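1. Task: produce atomic coordinates for the following.
(one chain, ligands or ions: 1)
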Amino acid sequence: MKRVAVIGGGFGGLSAAGELARQGHHVTLFEGADTLGGKAQAVTHDGVVLDTGPTLLTMPDVVAEQFTRLGAVDLLPRFHRLELQSRYVWDDGPAFDCWEALERAQASADGLAPGEGAALGRFTKDAEQIWRAAGEPYLEAPYEGVASFMARVLKRGLATVATGLKLATLDELGRRHFRTPQLQQFVGRFATYAGASPYDASAAFAMIAHLERAFGVHHVEGGMGALVRGLAAAVQRLGVDVRLSQRAKWVQRGSELLVTTAGGDERFDAVVVNQDPLAERKSAEPLAMSGFVFHVDVQRRLDWPHHTILFGRDYRREFDQLFGGQVPDEPTIYVNHPAASDATMAPAGRSGLFVMVNAPAFDVSAPPERVEALWRDSAARLEAHCLKRLAAWDPAFARATKTVFARRTPVDLAARGAPGGSIYGFLPHGKFGAFRRPRMRSATPGVFYAGGGTYPGGGVFMVMLSGRFASGLVQRHLEARA
Ligand SMILES: Cc1cc2nc3c(=O)[nH]c(=O)nc-3n(C[C@H](O)[C@H](O)[C@H](O)COP(=O)(O)OP(=O)(O)OC[C@H]3O[C@@H](n4cnc5c(N)ncnc54)[C@H](O)[C@@H]3O)c2cc1C
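-> Prediction:
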């Protein structure tokens, strides 16, 4: 039995800890905060339950498989598959309802301009090809260099390689398929799933559109908080020693790996770090976007879908501002309304809303007082802007009694270890951006990374895969040392 430390209890750290315990190791998980889940936290207000981080689940089979691998199917919450995946809204003109059923989504696209439905069909096929060419091989195994990745691509045929190589930016792909700026924006938004700009991120991000259509957009019953509780219970049942409120740091001393906390040093045979690897780097790296979120308790049940996106008027300007370090003046607004499909999320006759806008990550070398002051002002301004826009969109919301009861700024994300408050850490801009992520294997033997800042990237199912991959790398390392 070897001793393995996991530093950080986000979905990636929890998955790695569970896998390692299942392999028979003695695992200690150090979490700096007083709760597990990392970015996936929940808030409640008088019976209204809302997430503060992830809200939308894709690739539910990966999550279900994680629970199966940990012998914890009994702890897996129910998933609700959404027929209407998201409603996309603009200030003027009709909305676009993205149904899982392609024909229904195409009919809605035709409502924006005749022919856009057929274009959506062609885009959907392209997105599937991109997934086969780039996505499947990328998620099959930990990325350990171009050679092994290309071997996995080539297994799928030369046509796949050609598809991968001709990819432009996501914005270019959107413009190639659609003539309405609305549907171009719809395509571009998939870059934000990695905290990136559609004008600089690879068209490969279109694969997310395929994942959503082919595997569904899901809601976890009870919210992501329920998924955290299930995974945490699974990990503890496997015997992982979970230590909350213990900030930890690994150090190599001679041939030994030590984990240092306020309580002292402990020796381990291997360490999995769930903290963003960029947080340990001395040099400033360009960072993926952050976000500002606030939560509203509405004293009436709104007739809103589960996910709504109200686009800003000038998408290019919004991203220029975001990556120029400015808080956008007319941001795109994402609204999560979980009571639309899960009665456990709000009492009858009420609605809870999670409202989010993209925000710039801040310069990690900026004085903390300056960043805090910026976010005190910006939070108030963004909140007022969003509430005004939502009221203009739906008079029922304008009339309803409502309470804003929680807020999360980039400063709060940074307090949980996210460099500059960045949600995804590494910024995957450029054609081969995704391949330049910090590696899972550190330069120190026995130390590995897991989570959104490393491979394969951020998002709930991806970080669970990351935890699984990291545990495989640890196992191989320990076997080689035995
Ligand atoms: C607002 C928001 C919306 C999102 N929306 C979605 C969505 O809809 N769908 C989706 O799939 N994903 C979404 N995400 C992304 C998703 O939440 C993350 O990619 C994922 O949860 C990150 O998991 P992780 O394993 O990287 O760990 P993290 O969640 O980053 O957790 C890391 C943990 O490590 C701890 N830690 C850090 N340093 C130390 C240390 N030195 N010692 C001890 N502990 C330490 C931290 O306290 C934290 O608990 C969203 C995120 C945010 C913030």
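2. part of a strand, is residue 292?
-> Yes. Using DSSP: H, G, I helix; E, B strand; the rest coil, the assignment for residue 292 is a strand.
3. Going forward, the N-terminal residue is numbered 19.
-> Sure, I'll start numbering at 19, so the last one becomes residue 310.
4. and it, how many residues sit next to it?
-> Look at residue 310: counted by other CB atoms under 10 Å, it has 25 neighbours. Any C-beta I mention is one placed from the backbone N, CA and C, and that applies to glycine too.
5. hey, where'd the helices end up in the stretch 369-500 of the chain?
-> Under the criterion DSSP state H, counting those that start in this stretch, helices of the stretch 369-500 of the chain are mapped to 386-411, 413-417, 428-433, 478-499.
6. Of all those, which one comes closest to the ligand?
-> Smallest distance to the ligand across the helices of the stretch 369-500 of the chain (CB to the nearest ligand atom): 3.7 Å, for helix 478-499.
7. now for the closest one, which elements pack on it?
-> helix 29-40, helix 78-87, strand 288-291, strand 465-467 (3 or more CB pairs under 8 Å, 6 or more residues apart in numbering; DSSP states H and E).
8. Next, count neighbours for the closest residue to residue 235 other than its chain neighbours.
-> Nearest non-adjacent residue to residue 235, counting by CB to CB, 6 or more residues apart in numbering: residue 103, 4.1 Å away. Burial of residue 103 is recorded as 22 neighbouring residues (other CB under 10 Å).
9. so how far is the ligand from the residue in the chain sticking out farthest from the centre?
-> For the chain, the largest distance from the centre (CA atoms, centre = their mean) belongs to residue 272, which lies 37.3 Å off. Note on residue 272: its distance to the ligand, by CB to the nearest ligand atom, to the nearest Å, is 22 Å.
10. Now tell me what touches the helix-or-strand element of the chain with minimal mean pLDDT from outside.
-> Taking mean pLDDT, DSSP states H and E as the measure, the chain has helix 176-183 as its least confident helix or strand, at a mean of 81. With CB atoms under 8 Å, 6 or more residues apart in numbering as the test, helix 176-183 has contacts from 147-148, 150-152, 168, 171-172, 222.
11. so who does the residue lying closest to residue 174 once chain neighbours are set aside touch?
-> Excluding its sequence neighbours, the residue lying closest to residue 174 (CB to CB, 6+ apart) is residue 150, at 6.2 Å. For residue 150, the contacting residues are 174, 178, 181, by CB under 8 Å, 6+ apart.
12. can I get the residues you listed in TSV with distance to the ligand and neighbour count?
-> Converted to TSV, those look like this (distance: CB to the nearest ligand atom, whole Å; neighbours: other CB atoms under 10 Å):
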residue	distance to the ligand	neighbour count
174	25	16
178	26	19
181	25	19
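13. I'd assumed residue 396 was in contact with residue 439.
-> No. Taking contacts as CB atoms under 8 Å, residue 439 lies outside contact range of residue 396: 11.8 Å.
14. Counting neighbours, go ahead and name the busier of those two.
-> Higher neighbour count among residue 439 and residue 396: residue 439, with 26 against 19, using other CB under 10 Å.
15. Quick one: residues contacting that one.
-> 308, 377, 379-380, 427-432.
16. helix/strand/coil for the nearest residue to residue 277 once chain neighbours are set aside?
-> In this structure, residue 277 finds its nearest non-sequential neighbour in residue 23, 4.6 Å apart by CB to CB, 6+ apart. Under the three-state scheme (three-state DSSP), residue 23 adopts strand.
17. Tell me how far residue 23 lies from the ligand.
-> Distance from residue 23 to the ligand, counting by CB to the nearest ligand atom: 10 Å.
18. ok, now residue 213?
-> Noted for residue 213: a distance of 9 Å to the ligand, by CB to the nearest ligand atom.
19. So for the nearest residue to that residue once chain neighbours are set aside, what's the pLDDT?
-> Distances taken as CB to CB, 6+ apart place residue 306 nearest to residue 213, at 2.8 Å, with adjacent residues excluded. Residue 306 is assigned 98 on the pLDDT scale.
20. again, but for residue 446
-> The predicted local confidence for residue 446 is 96.
21. tally of neighbours for it?
-> Residue 446, neighbours per other CB under 10 Å, totals 24.
22. Look at the closest residue to it other than its chain neighbours and say how many residues are nearby.
-> Using CB to CB, 6+ apart and skipping the chain neighbours, the partner closest in space to residue 446 is residue 452 (4.8 Å). Residue 452 has 23 neighbours, counted by other CB under 10 Å.
23. so what's residue 452 up against?
-> By CB under 8 Å, 6+ apart, the neighbours of residue 452 are 156, 212, 220, 222, 446, 475.
24. related to what we said a few turns ago, tell me which of the helices and strands packed on helix 478-499 sits nearest to the ligand.
-> When those are compared by CB to the nearest ligand atom, helix 29-40 sits nearest the ligand, at 2.7 Å.
25. and whichever helix or strand comes after the closest one, anywhere near the ligand?
-> Going down the chain from helix 29-40, the next helix or strand is strand 44-48, by DSSP states H and E. Yes. Using CB under 6 Å from any ligand atom, we find that strand 44-48 touches the ligand at residue 48.
26. Counting by contacts, list what the very next helix or strand once past strand 44-48 packs against.
-> Next along the chain after strand 44-48, taking DSSP H and E as the criterion, comes strand 60-63. Contacts defined by 3+ CB pairs under 8 Å, 6+ apart place strand 60-63 against strand 66-69, helix 242-255, strand 308-316, strand 420-426.
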